[in-house]
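Visitor: Here's my sequence, what's the structure:
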Amino acid sequence: MSHTALELTCGFALEKITRCSLALSKKISLAVLRWRWSTLGRSLFLKNCAHCPGADAHGDEGPDLHNLDWTDEQITTRIRNGKAGQMTAFAGKLSADQINQIKDYVRTLK
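Guide: The predicted model follows:
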């Protein structure tokens, strides 16, 4: 293999490694962010929500929130708007970020 071919091969490999490294770094950052938000979400859940589904979210007065098969949008909409006669609406009481944090916490319940 010529010196130029080796440089091209190594350059290509280095570029590929760099792209993979950046992609992995983004995934790790996103995972850390979701973990942090879910931790904050748990605190918000315990303060604002736990009186219905229970601190363990298994459904004392409200539904069991484990393994919920709703989309993220369905969860955030329910938290934001509530459900007449069943769940308090948190729009105006919690920020959009706080609602997303609770949603991320609910997603961790298995």
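Visitor: Find the residue ranges of the protein scoring beneath the pLDDT cut-off.
Guide: Applying pLDDT under 70 to the chain flags the ranges 1-14, 16-18, 24, 30, 33, 35, 37.
Visitor: how about the helices in it?
Guide: For the chain, the helices defined by DSSP state H occupy 3-48, 72-81, 96-108.
Visitor: Now the second one - C-alpha only, PDB.
Guide: As requested, C-alpha coordinates have been extracted for helix 72-81 and formatted as PDB (Å, rounded to 0.1, in the frame of the first residue of the first chain):
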ATOM      1  CA  ASP A  72     -45.100  11.100  25.200                       C
ATOM      2  CA  GLU A  73     -47.600  13.500  23.700                       C
ATOM      3  CA  GLN A  74     -50.500  11.700  25.300                       C
ATOM      4  CA  ILE A  75     -48.800  11.700  28.700                       C
ATOM      5  CA  THR A  76     -47.900  15.400  28.600                       C
ATOM      6  CA  THR A  77     -51.300  16.300  27.300                       C
ATOM      7  CA  ARG A  78     -53.000  14.500  30.200                       C
ATOM      8  CA  ILE A  79     -50.600  16.100  32.800                       C
ATOM      9  CA  ARG A  80     -51.200  19.600  31.200                       C
ATOM     10  CA  ASN A  81     -55.000  19.300  30.700                       C
END
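Visitor: Could you tell me which residues within it count as buried?
Guide: Neighbour-count burial for helix 72-81 flags 75-76, 78-80 (criterion: 16 or more other Cβ atoms under 10 Å). Backbone N, C-alpha and C define where each C-beta goes, glycine included.
Visitor: Can you spell out which helices and strands pack onto that helix?
Guide: helix 96-108 (3 or more Cβ pairs under 8 Å, 6 or more residues apart in numbering; DSSP states H and E).
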